[in-house]
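Colleague: From the sequence below, what's the structure:
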Amino acid sequence: MSFRIEAKQIEERVVLHLHGQLVGPEAERILREQIVRAVADQGHVVVDASEMTVFDPACLAVIQAGLGEWLTLQGGGAYLELMLRRQ
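Modeller: A predicted model of the protein is given here:
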């Protein structure tokens, strides 16, 4: 499975653009590290999931952990929103 996470500074916040298939322990570890780094730098991170094609429960849990408090999700559509509500 291949994935890519691009971190971009946009104004006062870090935006993580997720691409591809976030599946497996390596994807979870890297996603968690990128989110922690972005929050440490700016206090809040935006995760753009519009280019994410596949995700597993572990990666969903990483996103779910910070929603609303220090993480904002954009993109991903209704299916991703439903999956996050079920977590």
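Colleague: Scan this structure for its longest helix.
Modeller: Across the chain, the longest stretch assigned as helix under DSSP state H is helix 25-42.
Colleague: Counting neighbours, which bits of it end up buried?
Modeller: Residues of helix 25-42 classed as buried by neighbour count (16 or more other C-beta atoms under 10 Å): 27-28, 30-32, 34-35, 38-39. For the C-beta atoms, the positions are set from N, CA and C on the backbone; glycine is no exception.
Colleague: TSV please, covering the residues you listed and showing pLDDT.
Modeller: What follows is the buried residues of helix 25-42, written out as TSV (pLDDT from 0 to 100):
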residue	pLDDT
27	95
28	95
30	96
31	96
32	96
34	96
35	96
38	93
39	93
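Colleague: Just flag the most distant two among those residues.
Modeller: Longest distance between any two of the buried residues of helix 25-42 is 18.5 Å, between 27 and 39; criterion C-beta to C-beta.
Colleague: next one: phi and psi at the residue of the chain most remote from its centre?
Modeller: The centre of the chain is farthest from one residue, residue 11, which by C-alpha atoms, centre = their mean lies 18.9 Å away. Torsion angles at residue 11 (phi, psi; degrees, to the nearest 10) stand at phi 50, psi -120.
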